[in-house]
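**Student:** Sequence first, then the predicted structure:
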Amino acid sequence: MKSVSVIIPARNAAGSIEDCLKAILAQENLVHELEVILVDDGSTDDTATLAESLGVRVIRQANAGPAAARNAGAREARGEIIAFTDADCIPATDWLACLVAPFTAPDIIGAKGTYRNRQRSLTARFVQQEYESKYARLATQRYIDFIDTYSAAYRREVFLENGGFDTAFPMPSVEDQEFSFRLARKGYHMVFVPRAAVYHQHDQTWGEYGRRKFGIGYWKAFMLRWLPEKFLSDSHTPPSLRWQIGLLGLTTILGLGALFWPWASWIALGSLLLFYLTSLPLLSQIIQRDKGVLWAAPLLLVLRALALGSGLLVGFLHPARRQQRIHEGLSLGGRAIKRALDIIGGCLGLLISAPFIAIAAVAIILDNRGPVFFMQQRAGEFGKPFRLFKMRTSVTRVGRFLRRMSIDEMPQFWNVLKGEMSLVGPRPEELWVVERYNDEQRQRLAVKPGLTGPMQVAGHGELDMDARLALELDYIRNYSLAKDIAILLKTVPAVLSGKGAL
């Protein structure tokens with residue numbers, strides 16, 4: 001088993017840190033080599049002294065927030081795997097062994113564990129059921145894109161190559177989500193480990209719960225400015241929660257409108273009914289696992305949606321003035337424009353290419369009996385595999401002509417309509433090639449692969465990997481509709497000359 005460094009950021013945590021550190025130190029025999037680092041983030045109590053008395057390595061820094069504290073610990077760590085938890089968490093006896101077990105697979109770079117809870121307050125029990133519903137969602141997925149640091153581990157090399165957590169987040173919020181989202185954009189593989197559990201004290205009161213949810217919403221709005229695709233989905237958040245935020249907002253607006261238009265009250269009631277219908281899976285889970293929470297759950301669901309929605313609204317209208325790191329990828333508007341162009345272009349492309357595909361199919365059958373089409377696994381956006389459609393050209397005399405004129409790639413207009421590809425973008429690589437990408441090369445996975453792209457109109461196979469990567473990253477960083485149209489127009493003569501591709 002690989003060497004492990006456990007990093008705990010702490011500020012004025014003398015009341016909880018001793019139990020946390022003792023639980024971690026007791027697991028020393030579960031890993032090959034264990035190092036425990038406490039990063040004291042400007043404490044004014046005896047947090048650091050208490051940690052040193054237990055034999056823990058302490059790094060002191062002026063208060064800069066948990067993101068900066070974790071990064072400082074990672075830079076000083078000696079382990080191949082760096083694990084994170086919080087000062088107010090007490091790891092289960094097998095936490096560390098479970099958390100690092102997936103790293104025996106060379107492609108796994110991150111792992112996420114779970115919360116457990118022993119509190120009896122209704123609010124805390126509701127919070128735990130919230131987490132349990134999200135864990136059930138995570139458990140259905142082979143790879144995840146969401147890791148929070150109360151129970152997390154990464155390969156140290158990958159963590160440092162990607163700059164660690166973004167210190168633009170000055171307080172505990174969504175800095176851990178942002179980092180894992182950023183890694184997922186590059187196609188890195190991260191997994192959920194349900195048994196890697198830590199015990200935690202959840203919100204005790206409705207006020208604590210509402211304030212925390214508002215803060216999450218506020219900083220999530222800050223994050224979504226450069227990770228807009230996460231506005232719609234991630235591996236952790238149930239789609240129903242997004243619906244509930246929108247439905248409660250609609251209910252509120254219509255409820256106010258009813259003061260002037262009585263009919264609006266009926267629509268508001270319908271919207272509220274839909275709100276609770278989307279909550280049925282969570283309510284059903286609560287009935288099965290903790291019936292006592294049920295009477296408070298309907299009101300807490302409203303508080304959750306209200307606090308998150310308010311935080312998002314305030315965050316978008318009055319964003320924090322913080323320096324953000326440069327991120328690759330398209331804006332939400334850019335994604336919408338690009339998808340609209342793909343739908344239009346995909347439909348036109350299929351109509352125009354249909355006669356050529358039909359003629360090529362007949363030529364393939366006459367030349368060499370066998371299937372006309374074949375499908376191949378390729379790496380799509382964020383490295384996710386998809387089935388690429390092509391016409392069979394190997395072992396056929398017409399194959400060379402079909403490849404030269406890119407007719408063999410015309411069926412990929414169907415991949416475009418399905419949303420697996422775009423008209424313009426980096427060409428989709430085979431999975432084995434992507435597995436050998438270095439960190440810089442993985443940046444090209446931030447967008448959907450294309451039928452054509454900057455490489456096809458600037459030299460095609462004559463470009464080396466560095467020149468190709470530079471072209472593609474420039475395309476991603478400086479995306480515009482005009483650039484897509486220009487590449488599409490240049491593709492026509494490139495294809496006719498036999499030097500380009502669709």
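**Tutor:** Alright, I've got the coordinates. As the structure is a computational prediction, the values presented were derived from the model and not from experiment.
**Student:** Next secondary structure element downstream of the lengthiest strand in the chain?
**Tutor:** In the chain, with assignment by DSSP state E, the single longest strand is strand 189-200. Going down the chain from strand 189-200, the next helix or strand is helix 206-224, by DSSP states H and E.
**Student:** I'd like the next helix or strand past that following helix.
**Tutor:** helix 239-257.
**Student:** quick check: angle from the helix or strand just after that following helix to helix 239-257?
**Tutor:** Using DSSP H and E, the helix or strand that follows helix 239-257 in sequence is helix 264-278. Here helix 264-278 runs at an angle of 160 degrees relative to helix 239-257 (axes from the mean of the first three to the mean of the last three Cα atoms, to 10 degrees).
**Student:** contact partners of helix 264-278?
**Tutor:** With contacts defined as Cβ atoms under 8 Å, 6 or more residues apart in numbering, helix 264-278 is touched by 240, 243-244, 247-248, 250-251, 254-255, 257-258, 283, 298, 301-302, 305. Quick note: C-beta positions are derived from backbone N, CA and C, even for glycine.
**Student:** 7 Å instead?
**Tutor:** 240, 243, 244, 247, 248, 250, 251, 254, 255, 257, 258 (Cβ atoms under 7 Å, 6 or more residues apart in numbering).
**Student:** which residues of the protein fall in strands?
**Tutor:** For the chain, the strands defined by DSSP E occupy 4-10, 34-41, 57-61, 81-84, 89-91, 108-116, 152-155, 189-200, 373-379, 385-391, 422-424, 450-452.
**Student:** Run the chain-centre distance for the first one.
**Tutor:** Going back to what we said before, that points to strand 4-10. 23 Å (Cα atoms, centre = their mean, to the nearest Å).
**Student:** CA atoms of that strand as PDB?
**Tutor:** What follows is strand 4-10, C-alpha atoms only, in PDB (Å, rounded to 0.1, in the frame of the first residue of the first chain):
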ATOM      1  CA  VAL A   4      -0.300   8.400   2.900                       C
ATOM      2  CA  SER A   5      -0.300  11.900   4.400                       C
ATOM      3  CA  VAL A   6      -3.500  13.000   6.200                       C
ATOM      4  CA  ILE A   7      -4.000  16.800   6.200                       C
ATOM      5  CA  ILE A   8      -6.300  18.600   8.600                       C
ATOM      6  CA  PRO A   9      -6.800  22.400   8.400                       C
ATOM      7  CA  ALA A  10      -7.800  23.900  11.700                       C
END
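**Student:** Now do the same for residue 329: its pLDDT.
**Tutor:** On the pLDDT scale, residue 329 is placed at 69.
**Student:** and if you look at residue 496?
**Tutor:** pLDDT, residue 496: 66.
**Student:** What of residue 115?
**Tutor:** Looking at residue 115, its pLDDT is 97.
**Student:** Sketch out the low-pLDDT regions of the stretch 201-350 of the chain for me.
**Tutor:** 323-329 (pLDDT under 70).
**Student:** Next, format the strands of the chain as TSV and append mean neighbour count.
**Tutor:** Formatted as TSV, the strands of the chain follow (neighbours: other Cβ atoms under 10 Å):
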stretch	mean neighbour count
strand 4-10	27
strand 34-41	24
strand 57-61	16
strand 81-84	27
strand 89-91	24
strand 108-116	23
strand 152-155	26
strand 189-200	20
strand 373-379	16
strand 385-391	19
strand 422-424	27
strand 450-452	27
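**Student:** Between those strands, which one is closest to residue 141.
**Tutor:** strand 189-200 (7.1 Å; Cβ to Cβ).
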